[in-house]
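Q: the sequence and its predicted three-dimensional model are supplied below.
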Amino acid sequence: MELSWEDICIDSDKWIGRFKEIAAEEGVYELNRLAVAVNSADMDLEKLWAVAEYGKAEDTKQLSRLAENLDCFTFIIGASNYEEVEIYVTENNADFSVNPSVEKFFDYKAFGKYIGDAYYGEFVDGGFIYNDTDTSLLDILYQDEPMTMGGMYYVHRNYSQ
């Protein structure tokens, strides 16, 4: 049986291109891992692409982890400046809503910058991404992998015997 790119159910030239790169560089098993992670009816591939850019995902393991944790990130499509970021946040997050009676005094640009700094936000191709959860990007990218310090290790010896 021959599988075509259309069988993967992804209607995105950039994702099809990325899948072809993965097949060539990492092999079919890694490609399958990613296909399983993104093959759901509600997967937002545009958001995943932006989150992968934001997270600088290096391989299919990291792409798969980002896909599995996509809800940790907010993607503001089309945002190109901090004012647009904060307008989105104040309109879509009850914790940051602005009372209409003081709205004309509110500095949206400064607060958008604050959101970027506080939530590690970044402008990416197509919009703005930030992580608004307690789970760090590093925890997502490297979950289930031991964190190492360039080959260094520490051995605790008990000398009290």
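A: Looks like it arrived, so ask away. Everything numeric in this text was worked out from a predicted model, so none of it was measured. Numbering: from 1, shown residues only.

Q: look up phi and psi at residue 130.
A: phi -150, psi 160 (degrees, to the nearest 10).

Q: measure the most centrally placed residue in the chain to residue 59 for me?
A: Central residue of the chain (CA atoms, centre = their mean): residue 51, 2.8 Å from the mean position. Distance, residue 51 to residue 59, by CB to CB, to the nearest Å: 15 Å. C-betas here are computed from N, CA, C, even on glycine.

Q: over to residue 50?
A: Taking CB to CB, one finds residue 50 at 18 Å from residue 59.

Q: between those two, which one's more packed in?
A: Neighbours were counted for residue 50 and for residue 59 using other CB atoms under 10 Å; residue 50 has more, 23 against 14.

Q: thought that one was touching residue 126?
A: Yes - in this structure residue 50 lies within contact range of residue 126 using CB atoms under 8 Å: 5.6 Å.

Q: how far does the helix or strand containing residue 51 sit from its chain's centre?
A: Per DSSP states H and E: residue 51 is located in helix 45-55. With CA atoms, centre = their mean, to the nearest Å as the basis, helix 45-55 stands 5 Å off its chain's centre.

Q: what's the answer for stretch 121-131, then?
A: Worked out by CA atoms, centre = their mean, stretch 121-131 lies 9 Å from the chain centre.

Q: start to end distance for stretch 114-126?
A: End-to-end distance of stretch 114-126: 20 Å, with CA to CA, to the nearest Å as the criterion.

Q: and it, which residues are buried?
A: 114, 115, 116, 119, 121, 123, 124, 126 (16 or more other CB atoms under 10 Å).

Q: do stretch 19-28 as well
A: Buried residues in stretch 19-28 (16+ other CB under 10 Å): 19, 22.

Q: just want the angle from the helix or strand residue 35 falls within to helix 45-55.
A: For residue 35, the host element (DSSP H and E) is helix 28-38. Interaxial angle, helix 28-38 versus helix 45-55 (axes from the mean of the first three to the mean of the last three CA atoms, to 10 degrees): 120 degrees.
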